[in-house]
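# here is a sequence with its predicted model. Questions after.
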There are 2 protein chains.
Amino acid sequence: MIRHAYGAFTALLLVLAPVAALAQSGDLIVEKKTFELPSYTTVAGETIKNVKIGWEAAGALNADKSNAILITHFYSDTSHAFGKYAPGDKAPGYWDAIIGPEMAIDTNKYYVLSSDTLVNLNAKQANVVTTGPASINPDTGRPYGMSFPVVSIKDFVRVQKALIDSLGIRKLKAVVGLSMGGLQAYEWAQSYPDSVERIVPVVATATAEPFAIAWLDIWAQPIRLDPKWNNGDYYGKESPLDGLKAALKIVSLQANGWEWARKTFGTAPAEEGKDPAKAYANDFKIDAFLDQAAVARAAFADANHFLYLCKAIQLAAVDPANIKVPAFVLYAPTDQIFAESSILETIQKIAGAGGSVESATLSGPNGHLNAITQIGQAADKITKFLAK
Amino acid sequence: MIRHAYGAFTALLLVLAPVAALAQSGDLIVEKKTFELPSYTTVAGETIKNVKIGWEAAGALNADKSNAILITHFYSDTSHAFGKYAPGDKAPGYWDAIIGPEMAIDTNKYYVLSSDTLVNLNAKQANVVTTGPASINPDTGRPYGMSFPVVSIKDFVRVQKALIDSLGIRKLKAVVGLSMGGLQAYEWAQSYPDSVERIVPVVATATAEPFAIAWLDIWAQPIRLDPKWNNGDYYGKESPLDGLKAALKIVSLQANGWEWARKTFGTAPAEEGKDPAKAYANDFKIDAFLDQAAVARAAFADANHFLYLCKAIQLAAVDPANIKVPAFVLYAPTDQIFAESSILETIQKIAGAGGSVESATLSGPNGHLNAITQIGQAADKITKFLAK
């Protein structure tokens, strides 16, 4: 279905959005590495042993280690924001349009790094290193399943801080991330204002809206409904693939937009000659497409990790008044996940509390996903904001 | 859980929105009646025997039968748009705020009637009369299940036309409906321009957007995932209640809005002392509330009917250029189901083809449901439009 070397989300994007939108960043080669913590205590006070996350970087760290930029990934992706793992890879990083040599986030100038989060969705992908419900609990020798402690966006950021500390970086030039990555950027500014110079949160509010909290529960619902989920205890057995596909289908749709649906599919039937008006089983093309995309996405995803990621986002709670490092907020007016009105409120609250905040919009047919397909629109603005 | 006399949706509304928003229409008493067709042939060419739908009316038909207004109901409701079945009923009609004696749609002046659609969601409700998958197929003596023919909004309207014909009404003063009821209003104008003087479609586009088509498939997904659905063959066995509740939960959320979620629930936990950050099973209040509301809604609903209604809406396809009777379109800018941009496009296309169209907005915290909770905002405008 999809090439092993592909990032899970990039594979999806190649079908969800025009390939032309994904700029290629030449032969920027990145290597996946692993960062380990013998023990990590969560915000909620639980201890996890042998925490591992993957990370990758491009560019060179300067002498005083002051040129590092951290890219924080979104819900369904990984550390693979830029470059290729090998010259032959057809898998671009999801933000190759703005990260690379002489790009908006210039790897000739900055040391750009990105890490997999805890409970990363794509736990089955070869290049992903993460710790979550699918990991082996050293105390039992079996996967944690739902006994894995609840983690939050703040936990993701704390582990990233440990990674940054391990590299001897005392202050990041910037944290840049979209969607769930944007939540992490805000959390960096709140938790470690002395360790980050500026942030670029893209298509994200500072705190989870109650409406979004409810939507995340809707996303999770199909997995819990699948009998094979078995309260999370499915490792070594059949996994809740139908529930996982259904859950991913919701994400794919809500992350996209009206214009994309209309232009790409219209009201065409899934199969020529099988009119949806004639039989219940005759689908529309858009539905069949989203089903296929969900199959591709589910191949590398773990159902429990999906649930834990929903919870982590539900718990995002940064007070905009605490954002005192300069912020450049990008948003998409047609976003169905983080509504324009909510992001504008975040911006106003930062400014209202005396914070320095700029903003710009990303237009295009893809709603929330304009943060990837249309990120080039903000390239120059990002460059200027980083150079300030 | 909820009083038997309550309309299914009204029961939900009493919890989803402030009760104060539901005006009471005194002691307007309505009687549920049944309209029967020995045989009906669908738009797709299938024949259904013994078609029955319920209907109710208020006011008196004048001598030349020129004062009739048809109210077409939305997805999850019934003909019970106004009045009470008995003086003691606590169940208001969903549009009591605008229908009744001396109300915007004045039953002292107009003969106002409303019918249950085919495949009505609330097939198990005592006062609902509908024909759909849960009905007995006269040829087999068993419920149709998924062998019931696909029906569309146009089929709903054709059966309504037969009802109107049976009453000797040659031309309706107006068709007024919200959401799925709005789709029916547009269809009336396209199919029977000589039989309706004007229409008031509320929170609806003329044709189903491809994006909405995909969302309707997301709504249906949990039912099909429930093993008890058994390809629609569950009559006389355990019904797919978990899938149905999950499906209804999506509808409840998508029909509401950001402001409602924030003001009503915020980020409160479902149970005091059970912090969602501490355990996966600790829910947020909004999620628990939506679960409870879904239980209430599912009590009267049939899962196959849910699926057939989704299909009927997916098939809605009125060309705005065909709307030649005057239209007054109401919409809610925060609507998550029928987006403002799409409704504005419908309005522009009607006007662009030379049609007569006016519009107004409904503001409030409830998104799509502002069409019920805030309908009073448009009362005077509706009165004036009907009197033209």
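Arrived safely.

# list the residues that contact residue A:222.
If you count contacts by C-beta atoms under 8 Å, 6 or more residues apart in numbering or on different chains, residue A:222 has them with A:242-244, A:246-247, A:250, B:221-222, B:225, B:246. C-betas here are computed from N, CA, C, even on glycine.

# how about 7 Å then?
Taking C-beta atoms under 7 Å, 6 or more residues apart in numbering or on different chains, we find residue A:222 in contact with A:243, A:246-247, B:221-222, B:225.

# so how far is residue B:309 from the residue nearest to residue A:345 when sequence neighbours are not counted?
Nearest-residue entry for residue A:345: residue A:205, 7.5 Å, with adjacent residues in sequence omitted and distances by C-beta to C-beta, 6 or more residues apart in numbering or on different chains. Residue A:205 sits 34 Å away from residue B:309, going by C-beta to C-beta, to the nearest Å.

# likewise residue A:255?
26 Å.

# same question, residue A:108
Taken as C-beta to C-beta, the span from residue A:108 to residue B:309 is 58 Å.

# and the two? Which one has more around it.
Shown here are residue A:108 and residue B:309; by other C-beta atoms under 10 Å in any protein chain shown, residue B:309 has more neighbours (27 against 11).

# just say helix, strand or coil for the more buried one.
Of the three states, residue B:309 takes helix under DSSP: H, G, I helix; E, B strand; the rest coil.

# phi and psi next, for residue A:190.
Main-chain dihedrals, residue A:190, degrees, to the nearest 10: phi -80, psi -50.

# quick one: it from residue A:316, how far?
Taking C-beta to C-beta as the measure, residue A:190 falls 11 Å from residue A:316.

# same question for residue A:358.
To residue A:316, residue A:358 is 22 Å away according to C-beta to C-beta.

# who has more neighbours out of those two?
residue A:316 (25 against 16).

# excluding residues flanking it in the chain, which one is nearest the most far-flung residue of chain A relative to its centre?
Outermost residue of chain A with respect to the C-alpha centroid, by C-alpha atoms, centre = their mean, is residue A:278; its distance is 40.1 Å. Nearest residue to residue A:278, sequence neighbours excluded (C-beta to C-beta, 6+ apart): residue B:44, at 5.4 Å.

# who's in contact with the one you found?
By C-beta under 7 Å, 6+ apart, the contact list for residue B:44 reads A:277-278, B:149-150.

# cool, residue A:35 as well?
Counting by C-beta under 7 Å, 6+ apart, residue A:35 has contacts A:53, A:55, A:115, A:163, A:166.

# that older thread, mind checking which of the contacts of residue A:222 land in helices?
Here DSSP state H is the test, and the contacts of residue A:222 give A:243, A:246-247, B:221-222, B:225 as lying in helices.

# pull the most distant pair out of the contacts of residue B:44.
Farthest-apart pair in those is A:277 and B:149; separation 10.1 Å (C-beta to C-beta).

# give me the more crowded residue out of these two.
Taking neighbours as other C-beta under 10 Å, residue A:277 and residue B:149 compare with residue B:149 leading, 22 against 19.

# which SS state does the more buried one fall under?
Following three-state DSSP, we place residue B:149 in the coil state.

# isn't it right up against residue B:43?
No. In this structure residue B:149 lies outside contact range of residue B:43 using C-beta atoms under 7 Å: 9.7 Å.

# which residue is the nearest non-sequential neighbour of the residue most central in space within chain A?
Against the mean C-alpha coordinate of chain A, by C-alpha atoms, centre = their mean, the closest residue is residue A:74 at 0.9 Å. Spatially, and ignoring its direct neighbours in sequence, residue A:74 is nearest to residue A:179 (3.9 Å; C-beta to C-beta, 6+ apart).
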